[in-house]
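> need a structure here:
(2 chains)
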Amino acid sequence: MTPTRNQRLSSALAALLLGVLGMAGAGAARAASSAWQENPQSRVRLITPYQTAPRQGELRLGLQFKLSPGWHVYWKNSGDAGFAPVVTFEKNGLNAGITQAELLWPPPHRFDLPGNLVAFGYEDEVVYPVRATAQATGDRLEIAATLDYLVCEVDCVPYRYDLRLSQPLGDSAVPDPATAPLIERAWASLPVTADRLPGVSTRGTIEPGPEGSALLKVWVAGAEAAPAPDGPQLFLEAHEQFDADRPRHRQEGKELLFFVPLRPRQVNQELPASTPFAWTVTGLRHAGRPVSLEARQDVPRQDLEAAPPVAPGHLPSMLLLAFLGGLLLNLTPSVLALLVPAWLELRTAPSRSAPAAVAAGILALSWGTAFLATAAHRAGWPAGWGSQLQEPAAATLLAVAAAWVALNLWGLVGAPLARDGESKAGGGRWLLAGLLTPLLAYAWILPVLTNPVGFAADRGLAASLAVFTAVGLGLAAPYLALAVRPGDAGEPVPWPPSWSTPLREALGFAAAAGTFWLLYALARQVSPEGLAWIELALLAMALFAWLRQRLHNRAVRRTPLKFTLAAGLLVCAALALWLADRNRLTPRPTGTPAQAALQAAGEP
Amino acid sequence: MRSKSAMTAAALLLAVALVSAAPAFAAGAVGEVAPAFQLKDLNGQQRSLSDYKGKVVVLEWINPNCPFSDRHAREKTMNDLASKYGKDGVVWLGINSTNATHRDFLEPAEHLAWAKKNGIAYTILYDETGKIGKAYDAKTTPHMFVIGKDGKIAYNGAIDDDPMGRNAKPQRANYVDGGLRAEKAGSSPDPASTKPYGCSVKY
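Numbering: from 1, shown residues only, chains lettered A, B, ... in the order given. A predicted model of the protein is given here:
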């Protein structure tokens, strides 16, 4: 059917009308924002949530950035470099529509820069909420502002723009469907004070250290930690007296406890009875939804000698939990990988000394850990279960241990378990198995151990020794059982003997899983280049082990060459630790409250 | 024998881990003795902090490819101060800690050309390993340190209170100017430390 002339005219008019309405709609959308100001690194504009703005009252505006990949803009504390955006609103000029304006700060992210420097800010896209007060006359709201900001990737570029926005005024506001949700989301994401979240509280203490250094401790109660990778992070606002190192945290009972090592900007300054600090904690959950918490408090000085008294009543339950935790650690992949073949071998050995040697090794390393944990706590580290994964050299040591056991199970290195056809004699081998077992276990985060280890760290060496002994006894329980009731050479094996080698090799992959998990944890602690070098060192370690094994299989008697390859293997393992420390993203905590504690106790 | 060598290996690994985890102390704080250094200038001549013993020394962390360093060079913020206090024996040293592999790194000829273009008359030193930058905990370009005649750090922080250079020079609070005036008068700079601004040092 061909359209009539009138129908064609009607269609044209309708199209024209739609076009005009469309343009009007676009005009209204433009009125809800200033024009985009663009540069190669970023785009920025001022937005309002309205098509028609209210004449008076609070205006919720937004400063919207869209950033090119890799570039970031800053939080109110920019970190070690950069600076936060500054918006200056015209308040007194002709048509100035707002009397007050304040830029607000969404929860920031952390950017680690080369040289252990750090920046706090936002990437991809961010809307900074702006709280303003409208006091407009006439028919239109006119907003004029000057924006200064710095956008950084590796390099930084400063920009300044004039932002202008004009939109109709009305007695009641009419929301804009495009910009209102953006502003609403930005406002909803803002950190809130604890009094706005039922049951949530936060508090801090500051412990003095030598040469003016200090340790800020911040507790958050009543909110859960969001799961990784969006877990809790603490951001400290810039402080006149201190520079802050990277905060670390651990769970302490139902509270989250953050440790922030502080370096003095000026040495030998007395720490007053209280010091003002402001912090934001992100990565929390409350009533099932994500929240960020902000606080501004006068933080009281907490002298070490005035630390909370020991609560001996808790000790038995903590020791029981520690023992249970130790038992459970036997089920983690890398521990199980060593336990199964070791236990099967010991089960058919009518000797008490071999399983006792393993248990002795486990307990010896557990006691060493207790000493280290106490020293670490006194040096300002958060010595909780899981803290070992926040320290690059420690995590790498654990990765090397797991890799060593994997190589052993694959038959590429000859200890702790003997290779097929080798002599299985030697208590030293079993002692080494014992020393390696806790190193395999420390790779895994076990919530049941959080409280006992945190409890011990706060209460000194004796408590720490008791708790780690309990963890060690739990880990050593399968071996202690064999020491008490030795195996029998005639003990039947539940599968054909030909299966034992494939089983061992398969378990090697479980041990290697420990290494891969630790490399994943290290990815947050060292630079990408550093991680690549560590992986290369581990690969080279495996290569040397394989070459040495090839010589062994061919029964080549080239002792110097074998020795060189063994030395190469050890050098690669040590190199991985050195690389972890050299490429660390986390600055070491400074100040040693330990020294202050020793001085307070009258020791030199 | 094998198990003995394995034990030695485990002990070695543990020892390396313990040594590498030893805590370090704060650097560059006001009141600390300024870390000594020996660095080459743009002409390859060796300069040492001890060459200026008994003098007030200003250290300026610098990177010509950083817009903040470049703006201050164009505005002659540092050069004017260096020449104003140079008459009183104050020594001004620029230090570039940009890593030699970083794209911001300038070869001596390029660096000299930039200095010449901006009329920079003071000495600029290379610290491409970043060792001296880390010893002072230099974070930004520019990051300023004033070392008093006693060899201790008297001021640590920003050059002024105007990161974006919005105000005319006379309207800015120049902290290094204030610090040098205080040193000349025999008093302590106030403020003695501020938060430096600018690009991160390209370690």
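
> residue in chain B nearest to chain A?
Proximity of chain B to chain A (CB to the nearest CB) peaks at B:Y203, 2.8 Å away. Heads up, the C-betas are built off the backbone N, CA and C, glycines and all.

> and the residue nearest to A:G472 when sequence neighbours are not counted, what element?
Among residues not flanking A:G472 along the chain, A:S366 sits closest, at 3.2 Å (CB to CB, 6 or more residues apart in numbering or on different chains). A:S366 belongs to helix A:353-378 when elements are defined using DSSP states H and E.

> Over to A:G82?
Counting by DSSP H and E, no helix or strand carries A:G82.

> any idea how far B:L39 is from the residue nearest the centre of chain B?
In chain B, the residue lying closest to the centroid (CA atoms, centre = their mean) is B:W61, at 3.8 Å. Noted for B:W61: a distance of 12 Å to B:L39, by CB to CB, to the nearest Å.

> ok, back up a step: send me the next helix or strand after the helix holding A:S366 as PDB with only the CA atoms.
Once helix A:353-378 ends, the next helix or strand along the chain (criterion: DSSP H and E) is helix A:392-409. Extracted C-alpha coordinates of helix A:392-409, given in PDB (Å, rounded to 0.1, in the frame of the first residue of the first chain):
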ATOM      1  CA  PRO A 392      57.900 -11.200  50.800                       C
ATOM      2  CA  ALA A 393      61.100 -12.900  52.100                       C
ATOM      3  CA  ALA A 394      59.000 -15.100  54.500                       C
ATOM      4  CA  ALA A 395      56.500 -16.000  51.800                       C
ATOM      5  CA  THR A 396      59.300 -16.900  49.400                       C
ATOM      6  CA  LEU A 397      61.100 -19.000  52.000                       C
ATOM      7  CA  LEU A 398      57.800 -21.000  52.300                       C
ATOM      8  CA  ALA A 399      57.500 -21.200  48.500                       C
ATOM      9  CA  VAL A 400      61.100 -22.600  48.300                       C
ATOM     10  CA  ALA A 401      60.300 -25.100  51.000                       C
ATOM     11  CA  ALA A 402      57.200 -26.300  49.100                       C
ATOM     12  CA  ALA A 403      59.200 -26.400  45.800                       C
ATOM     13  CA  TRP A 404      61.900 -28.400  47.500                       C
ATOM     14  CA  VAL A 405      59.500 -31.000  48.800                       C
ATOM     15  CA  ALA A 406      57.800 -31.200  45.300                       C
ATOM     16  CA  LEU A 407      61.200 -31.800  43.800                       C
ATOM     17  CA  ASN A 408      61.900 -34.400  46.400                       C
ATOM     18  CA  LEU A 409      58.600 -36.200  45.700                       C
END
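
> helices or strands next to helix A:392-409 in the packing?
In terms of contacts (3 or more CB pairs under 8 Å, 6 or more residues apart in numbering or on different chains; DSSP states H and E), helix A:392-409 is packed against helix A:333-347, helix A:427-441, helix A:500-522, helix A:528-553, helix A:559-582, helix B:2-20.

> count of neighbours near A:A476?
26 (other CB atoms under 10 Å in any protein chain shown).

> surely it meets A:L363?
Yes - here A:A476 reaches A:L363: they are 6.4 Å apart, a contact under CB atoms under 8 Å.

> what is in contact with those two at once?
Shared contacts of A:A476 and A:L363, defined by CB atoms under 8 Å, 6 or more residues apart in numbering or on different chains, comprise A:G434.

> By mean pLDDT, which helix or strand of chain B comes out lowest?
Scoring the helices and strands of chain B by mean pLDDT, DSSP states H and E places helix B:2-20 at the bottom, with a mean of 44.

> C-terminal to that helix, what's the next element?
Taking DSSP H and E, what comes next after helix B:2-20 is strand B:38-41.

> Just the buried residues of the next helix or strand along the chain from that next one, please?
Using DSSP H and E, the helix or strand that follows strand B:38-41 in sequence is strand B:46-48. For strand B:46-48, the neighbour count (16 or more other CB atoms under 10 Å in any protein chain shown) marks B:R47 as buried.

> what's the average pLDDT for strand B:46-48?
Averaging pLDDT along strand B:46-48 yields 95.

> which helices and strands sit right next to that strand?
Helices and strands touching strand B:46-48, by 3+ CB pairs under 8 Å, 6+ apart, are strand B:38-41.

> The strand it packs on: partners in the sheet, and parallel or antiparallel?
Paired neighbours of strand B:38-41 in the sheet (DSSP bridges): strand B:46-48 (antiparallel), strand B:123-126 (antiparallel).

> distance between that strand and the chain's centre?
Its chain's average C-alpha position is 13 Å from that of strand B:38-41, according to CA atoms, centre = their mean, to the nearest Å.

> In that strand, which residues are buried?
Buried-residue list, strand B:38-41, by 16+ other CB under 10 Å: B:L39, B:D41.

> who does the helix holding A:S366 touch, helix- and strand-wise?
Right, helix A:353-378 is packed against helix A:333-347, helix A:427-441, helix A:450-457, helix A:460-484, helix A:593-600 by 3+ CB pairs under 8 Å, 6+ apart.

> Switch the ones you listed over to CSV; also include mean pLDDT.
Below are these laid out as CSV (pLDDT from 0 to 100):
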stretch, mean pLDDT
helix A:333-347, 88
helix A:427-441, 89
helix A:450-457, 80
helix A:460-484, 91
helix A:593-600, 36
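
> Take those and write them to CSV, including distance to A:G326.
Putting these into CSV (distance: least, CB to CB, whole Å) gives the following:
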stretch, distance to A:G326
helix A:333-347, 10
helix A:427-441, 8
helix A:450-457, 10
helix A:460-484, 2
helix A:593-600, 27
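
> looking at the ones you listed, which is closest to A:W219?
Closest of the helices and strands packed on helix A:353-378 to A:W219 is helix A:450-457, at 11.9 Å (criterion: CB to CB).

> can you give me the angle that closest one makes with helix A:460-484?
Counting by axes from the mean of the first three to the mean of the last three CA atoms, to 10 degrees, helix A:450-457 lies at 130 degrees to helix A:460-484.

> so does helix A:450-457 get close to chain B?
No - Helix A:450-457 does not reach chain B (CB under 8 Å from any CB of the partner chain); its nearest approach is 16.0 Å.

> C-alpha coordinates for that helix, PDB please?
Extracted in PDB, the C-alpha atoms of helix A:450-457 (Å, rounded to 0.1, in the frame of the first residue of the first chain):
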ATOM      1  CA  THR A 450      44.000 -16.600  64.200                       C
ATOM      2  CA  ASN A 451      43.000 -16.100  67.800                       C
ATOM      3  CA  PRO A 452      45.600 -18.300  69.500                       C
ATOM      4  CA  VAL A 453      48.600 -16.800  67.600                       C
ATOM      5  CA  GLY A 454      47.200 -13.200  68.000                       C
ATOM      6  CA  PHE A 455      46.700 -13.900  71.700                       C
ATOM      7  CA  ALA A 456      50.300 -15.200  72.100                       C
ATOM      8  CA  ALA A 457      51.800 -12.300  70.200                       C
END
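
> who's in contact with that helix?
By CB under 8 Å, 6+ apart, helix A:450-457 touches A:250-253, A:257, A:314, A:318-319, A:321-322, A:325, A:370, A:373-374, A:377, A:382-386, A:463-464, A:466-468, A:470-471.

> Great, nothing more from me.
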